[in-house]
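Here is the input, now give the coordinates:
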Amino acid sequence: MSKKKYIFVIVILLMLSFTSSNAFGNSPGIGFVKDLSSDTLSANLVLSGIESCPDSVFTGLQLMVYYNSSSLILDTVILADSSIIAFWVTTYTVDSLRGKLTFVSATGTSPIAKSGVVFTALFKIKDTSSYDDSLTIDSAMVNETSIDDVNENLKKLPDQFQLKQNYPNPFNPTTTIEYYLSRKSDVTLSIYNQLGQIVKKVSFGKMTAGSYFYQWDGKDEYERKVSSGVYFYRLEVNERHLTKKMVLLK
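The predicted model follows:
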């Protein structure tokens with residue numbers, strides 16, 4: 001699909017989304033759940049309160065996020081399979097000089113059914129000794145209605161689990177990823193490249209509480225060796241997410 005046609009589809013879907021639904025009495029909430037590891041800031045954008053609006057149909061989402069470009073570099077935006085808008089038509093733009101992320105997404109057939117993570121933004125911290133990790137959400141809207149409940153620094157989500165930094169890092173050819181579960185959970189580990197594309201995905205199914213290790217051999221789903229570069233590994237536990245960065249050197 002050409003870029004012009006793609007933008008046209010986005011516009012049409014947004015027109016349908018923002019005009020076909022009535023304004024709702026209870027507004028959802030929105031905010032970031034952050035996780036800091038080494039020189040990487042992982043920020044999960046969470047849309048909450050969907051269940052408190054049972055009579056509303058949410059088919060469009062748009063917002064802007066401002067960050068301190070002198071402290072942070074936006075590496076990538078990941079829209080995982082488990083995202084609450086995974087099947088929507090989505091586009092985003094990044095103004096790296098102003099520190100601005102503009103995100104627009106809409107659907108004609110798959111409205112949001114529950115609260116959860118929309119996307120994960122991964123930032124590189126320029127100087128870990130002194131930095132500003134604040135993220136400011138502006139002009140957030142679902143359908144045609146503004147989201148008034150904005151909490152830019154949400155607390156950790158329940159169902160705690162831990163994802164540790166891989167080791168060695170950088171690595172060649174293999175690295176170990178360690179994680180901890182506090183209770184029995186559905187677990188999936190995904191590895192993405194810098195474009196946000198899935199390189200490797202492993203579904204472990206139900207796992208009991210405890211510590212676990214996964215060794216990645218630097219190969220994709222088809223057992224092909226991947227090229228050198230920056231990769232992101234994302235642990236999904238009962239629809240919760242943590243993401244960290246690793247570097248493959250050859």
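
Show me what the mean pLDDT comes to for stretch 82-94.
This predicted structure assigns stretch 82-94 an average pLDDT of 89.

Can you get me the start-to-end distance on that stretch?
Stretch 82-94 has its terminal residues 23 Å apart, counting by CA to CA, to the nearest Å.

buried residues in that stretch?
82-85, 88-90, 92, 94 (16 or more other CB atoms under 10 Å). C-beta: built from backbone N, CA, C; applies to glycine.

Name the next helix or strand downstream of the lowest-mean-pLDDT helix or strand in the chain, please.
Comparing every helix and strand of the chain by mean pLDDT, DSSP states H and E singles out helix 3-20 as the least confident one, with a mean of 44. On the C-terminal side of helix 3-20, the nearest following helix or strand under DSSP states H and E is strand 29-37.

ok, then the element right after that next one?
Next in sequence after strand 29-37, counting helices and strands by DSSP H and E, comes strand 40-48.

Which strands border that next one, and is each parallel or antiparallel?
Strand pairing for strand 40-48, using DSSP bridges, gives strand 29-37 (antiparallel), strand 116-125 (antiparallel).

what does the longest one contact?
By that I understand strand 116-125. Residues lying outside strand 116-125 but in contact with it, judged by CB atoms under 8 Å, 6 or more residues apart in numbering, are 39-47, 61, 65, 67, 71-80, 82-85, 101, 103, 105, 131, 133, 135, 232, 234, 239-241, 243, 245.

Quickly, which of the strands paired with strand 40-48 bottoms out on average pLDDT?
Of all those, the minimum mean pLDDT falls on strand 29-37 (a mean of 84).

how far is that one from where the chain is centred?
Centroid separation for strand 29-37 versus its chain: 10 Å, with CA atoms, centre = their mean, to the nearest Å.

What of stretch 79-90?
When distances are taken as CA atoms, centre = their mean, stretch 79-90 is centred 9 Å away from the chain's centroid.

one step back: drop anything exposed from the contacts of strand 116-125.
40-47, 61, 65, 67, 71-80, 82-85, 101, 103, 105, 131, 133, 135, 232, 234, 239-241, 243, 245.
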